[in-house]
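Trainee: Here is my input; please provide its structure:
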Amino acid sequence: MSTIELPPIFHPEAPTDLETLGIPWPMVVDLTVRRLNLDGVTSLASLRTKLKLPYAVVEAVFRYFQKEKIIEIKGSDENGFYLSLTAAGHKLASDRLQVCHYAGPAPVSLSAYQAAVRVQSARPKINRQRMQRVFSDLVVEDEILDQLGPALISQKSLFLFGPSGNGKTSLAERLVRVYEDTVVVPYAVEVDGQVISVYDPVVHQIADLESFEMDPRWIVCRRPAVIVGGELTSEMLELRLDPATNIYAAPVQMKANNGILVLDDFGRQTISPTTILNRWILPLDRRVDYLNLSYGLKFQVPFELMLVFSTNLEPSALMDPAFLRRLPNKIMVHSVGERAFLEIFRRASDRHGFEYAPEVASLLLEHCRSMGGNKLRACYPRDICEICACINTYEEDEHRLSASILERAVKVYFAQSGARSEDDALN
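Mentor: Down below sits the predicted model:
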């Protein structure tokens, strides 16, 4: 289910000169000489396009490079002059590459980024009908939706907990669907002459909108949804400097600004829950985060995002009451009822091309209750139907879901067999 892509509420104006560009002149020179070094022979029009710089700024750099004998003109056509670096230009480029390798779109200023994130804070319009539409591809009880809805309106942190296999991750992944609007995200941000890369094509989905006039250093994207699990490390929560390129990568929470950050399997990371929560205790309270450059300079960025924790561990085992208070929305995702279980099985059967048979559904219900500890988990029908489909493929049989195939799948899924009793008899 895709979101309705409305134009962003914030349209940064396109800069016209160095003053409105908002970044230092030396950085503009460095970017341009590194781009020229990378391209070999290029045109002023190409430089404007690749560096997202206004005509007046590119023209000023061109005149400066001519004066300093950094470039030479290789020719011209209807698109303008074609340039390349001179020996002096290659030396300058080599020097500037020692400082940083960044040669992409010009960054925006820190103050521009801060203002943009603040003005784009999420204010979703949510009611019960909208929640039912957003989660229509899942079988979710109204009780859960009626707890999630107000939590999303508040835009405060959310804690999903309960037994594994009941859809916490699936719920968390879909929360971003409640947003109908888009936001602008910068390619990069400049801080103290350093470049921090923010736009991440893995995280930021470019919105398919009709073009409109704005600063090309920003991209119109859907509100981001960043999901991290057991791979989360303390380094991912801070600026990371690539020693080979001297380009900083934004931490996960900065990439998730104006959207949602999900910590899946919370409590199973290599870093302790206390370390994670201590890192974010101030941002959760004040909606600001503090980051450090490699040489110690500290600066502030907005923490305008919804933080979602998902875990199958008890909340009290992960944090003390002071932390629990800072997570105001705590929702237990419990095992499903019989009606919901059968509907999940019907949908899973449809996906695999099986004809739904009530007697097979009843048999599955019986097996899952007896082998699953009398708890019906939402994942059982999906997982078992998938095993049944694989059995059909292996047997080169018609696509069907019979009682015998179901029993084979259940036996594999719940690791039940007669092997234990036979081993015990031998011992």
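Trainee: Which helix or which strand is home to Asp95?
Mentor: Applying DSSP states H and E as the criterion places Asp95 in helix 87-99.
Trainee: Quick one: list the elements packing against that helix.
Mentor: helix 25-39 (3 or more CB pairs under 8 Å, 6 or more residues apart in numbering; DSSP states H and E). In this view, the C-beta of every residue, glycine as well, is placed from N, C-alpha and C.
Trainee: now the helix it packs on and helix 87-99, what's the angle there?
Mentor: 110 degrees (axes from the mean of the first three to the mean of the last three CA atoms, to 10 degrees).
Trainee: Give me the contacts around helix 25-39.
Mentor: For helix 25-39, the surrounding residues in contact (CB atoms under 8 Å, 6 or more residues apart in numbering) are 18, 21, 42, 46-47, 50-51, 53, 57-58, 61, 64-65, 70-71, 83-85, 89-90, 92-94, 96-97, 99-103, 106-107, 190, 193.
Trainee: So which of the residues you listed belong to strands?
Mentor: Thr42, Ile71, Leu83, Ser84, Leu85, Glu190 (DSSP state E).
Trainee: hmm, back to that, buried among the contacts of helix 25-39? Need that as a selection in PyMOL.
Mentor: With 16 or more other CB atoms under 10 Å as the criterion, this PyMOL line picks the buried residues out of the contacts of helix 25-39:
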select buried, resi 18+21+42+46+47+50+51+53+57+58+61+65+70+71+83+84+85+89+92+93+96+97+100+101+102+103+106+107+190
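Trainee: follow-up on the earlier one: let's have the ones in strands among the contacts of helix 25-39 in JSON lines, adding distance to Pro302.
Mentor: Output for the ones in strands among the contacts of helix 25-39, formatted as JSON lines (distance: CB to CB, whole Å):
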{"residue": "Thr42", "distance to Pro302": "36"}
{"residue": "Ile71", "distance to Pro302": "40"}
{"residue": "Leu83", "distance to Pro302": "39"}
{"residue": "Ser84", "distance to Pro302": "42"}
{"residue": "Leu85", "distance to Pro302": "39"}
{"residue": "Glu190", "distance to Pro302": "16"}
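Trainee: Format those as CSV; extra columns: pLDDT and distance to Arg35.
Mentor: Below are the ones in strands among the contacts of helix 25-39 laid out as CSV (pLDDT from 0 to 100; distance: CB to CB, whole Å):
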residue, pLDDT, distance to Arg35
Thr42, 93, 7
Ile71, 94, 12
Leu83, 92, 11
Ser84, 95, 12
Leu85, 96, 10
Glu190, 98, 16
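Trainee: Now the two most distant members of those.
Mentor: With CB to CB as the measure, no two of these lie farther apart than Ser84 and Glu190, at 27.0 Å.
Trainee: Check the offset of the helix holding Asp95 from the chain's centre.
Mentor: 36 Å (CA atoms, centre = their mean, to the nearest Å).
Trainee: now the helices: where do they sit in the stretch 151-300 of the chain?
Mentor: With DSSP state H, counting those that start in this stretch, the ranges of helices along the stretch 151-300 of the chain come out as 168-174, 252-255, 273-286.
Trainee: Is it possible to get CSV of the ones you listed that adds mean pLDDT, mean neighbour count and distance to Glu366?
Mentor: Shown next, in CSV, are these (pLDDT from 0 to 100; neighbours: other CB atoms under 10 Å; distance: least, CB to CB, whole Å):
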stretch, mean pLDDT, mean neighbour count, distance to Glu366
helix 168-174, 92, 20, 25
helix 252-255, 97, 22, 44
helix 273-286, 89, 15, 38
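Trainee: where in the stretch 301-427 of the chain is pLDDT low?
Mentor: 416-427 (pLDDT under 70).
Trainee: ranges for the strands of it?
Mentor: Counting by DSSP state E, counting those that start in this stretch, the stretch 301-427 of the chain has strands at residues 306-311, 329-332.
Trainee: just checking, what packs against the last one?
Mentor: Right, strand 329-332. Checking 3+ CB pairs under 8 Å, 6+ apart, strand 329-332 ends up next to helix 142-154, strand 158-161.
Trainee: Figure out which of these is closest to Arg347.
Mentor: When the helices and strands packed on strand 329-332 are ranked by proximity to Arg347 (CB to CB), helix 142-154 comes first, at 17.1 Å.
Trainee: quick one: average pLDDT of the closest one?
Mentor: In this model, helix 142-154 carries a mean pLDDT of 94.
Trainee: in that helix, what's buried?
Mentor: Neighbour count says helix 142-154 has Ile144, Leu145, Gln147, Leu148, Gly149, Ala151, Leu152 buried, by 16+ other CB under 10 Å.
Trainee: and it, how far out from the chain's middle?
Mentor: Worked out by CA atoms, centre = their mean, helix 142-154 lies 22 Å from the chain centre.
Trainee: what do you get for stretch 73-86?
Mentor: Using CA atoms, centre = their mean, the offset of stretch 73-86 from its chain centre is 41 Å.
Trainee: State the distance from Ala322 to Ser272.
Mentor: Applying CB to CB, to the nearest Å, the value for Ala322 to Ser272 is 16 Å.
Trainee: of the two, who's got more company?
Mentor: Ser272 (12 against 9; other CB atoms under 10 Å).
Trainee: Distance of that one relative to Leu110?
Mentor: Distance from Ser272 to Leu110, by CB to CB: 31 Å.
Trainee: ok, back up a step: pull the residues that contact the helix holding Asp95.
Mentor: Under CB under 8 Å, 6+ apart, the answer for helix 87-99 is Asp30, Val33, Arg34, Leu36, Asn37, Phe65, Glu68, Lys69, Ile70, Ile71, Leu85, Asn246.
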